[in-house]
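Undergrad: After the sequence you'll find the predicted model.
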Amino acid sequence: MKPSSQLREFAKNIIKEKKQQISKNSSLESVDLLSRFLSSGHSDEDFVTDIVISFILAGRDTTSAALTWYFWLLSQNQEVEKEVLREIKEKSESPVYEEVKDMAYTHASLCESMRLYPPVPIDSKVAQHDDVLPDGTVVKKGMRVSYHPYAMGRLEVLWGSDWEKFRPERWLESATDGANKVGKWRFVGRDPYTYPVFQAGPRICLGKDMAFLQMKRVVAGILRRFKVAPVAEDGFEPVFVAYLTSKMKGGFPVRFEKRDD
Ligand code: HEM
């Protein structure tokens, strides 16, 4: 079987199983995204199969790549880890949506990690018509144009002379109550053309908010209980591999150390 048919078969099985579960237990209808699609009248199986495939491709390897590099950077930056942990501990053990939205420091640290190690390191488009870019560059119909989030995240002109540093604070300002500092962070985003990690414009990533929600919940769930320590010896330098999504060469072997506090 061709890999594309295998993938379709795999997605169709997920849908079949979910339909069976819903028919046995209708309270599942609102529990997860697929159940919601199926319960909201999307009966066209090809349509739902396409959704499942695009969510697996777009939503799985991206967030796992982001978290691999994130845990690596945390292991090398104890101060950042401490601040993330402080924020997590202010929330409940399974933070609800409103609490996750309020995790400004964790959010900033994820943006900063993806600046240095973007899950989609390079992305291309093919021009459907002749065009001219804002800087005057002529693009002819059929030409391929690529943008390069990995390189852009490391440009001094965009991020300053300390671009090499993992510094979540570059995405934050101290929240104030009038003239008084209140000891909380406020997230300050960058425009998507400076930081095209989720692309920009009308075809920007549809799952961006969901990705942050997922990643923050996973980070909160793991860090509250465990320290994630690299198994590799001191001095180990991971190698960034730029496939369709980014990878750490050889993976990232870690040891989960249970926290006592
Ligand atoms: C850190 C995580 C993620 C990153 C960095 C990311 C990045 C991107 C990028 C760069 C694109 C543009 C691809 C292109 O058109 O060439 C994209 C598109 C897309 N993403 Fe994400 N993504 C992430 C997570 C997710 C998640 C979790 C979902 C869904 C649950 C998702 C759904 C989509 C969809 C449906 C598109 C296509 C949008 C369109 O073409 O109109 N993404 N993403």
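TA: Sure thing, it's come through.
Undergrad: Which positions in the host helix or strand of Ala175 come out as buried?
TA: Per DSSP states H and E: Ala175 is located in strand 172-177. In terms of neighbour count (16 or more other C-beta atoms under 10 Å), strand 172-177 has its buried residues at Leu172. Where you see a C-beta, it was placed from the backbone N, CA and C, and this is true even at glycine.
Undergrad: what pairs with that strand, and is each one parallel or antiparallel?
TA: Applying DSSP bridges, strand 172-177 is found paired with strand 180-187 (antiparallel).
Undergrad: could you point out which element follows the strand it pairs with?
TA: Downstream of strand 180-187, the next assigned helix or strand under DSSP H and E is helix 208-225.
Undergrad: same for that following helix, what does it pack against?
TA: With contacts taken as 3 or more C-beta pairs under 8 Å, 6 or more residues apart in numbering; DSSP states H and E, helix 208-225 sits against helix 61-76, helix 78-89, helix 97-101, helix 104-116.
Undergrad: right, so of the ones you listed, which gets closest to the ligand?
TA: Among the helices and strands packed on helix 208-225, helix 61-76 comes nearest to the ligand, with 3.5 Å by C-beta to the nearest ligand atom.
Undergrad: any idea of the angle that closest one forms with helix 78-89?
TA: 120 degrees (axes from the mean of the first three to the mean of the last three C-alpha atoms, to 10 degrees).
Undergrad: can you pull the buried residues of helix 61-76?
TA: Buried, per 16+ other C-beta under 10 Å, within helix 61-76: 61-63, 65-75.
Undergrad: leaving aside the residues next to it on the chain, what's closest to Gln214?
TA: Thr63 (5.8 Å; C-beta to C-beta, 6 or more residues apart in numbering).
Undergrad: tell me the pLDDT at Asp234?
TA: With respect to pLDDT, Asp234 scores 80.
Undergrad: Next, count neighbours for it.
TA: For Asp234, the neighbour count with other C-beta atoms under 10 Å is 5.
Undergrad: Would you agree it falls within a strand?
TA: No: counting by DSSP: H, G, I helix; E, B strand; the rest coil, Asp234 is not part of a strand but coil.
Undergrad: Cheers, nothing more for now.
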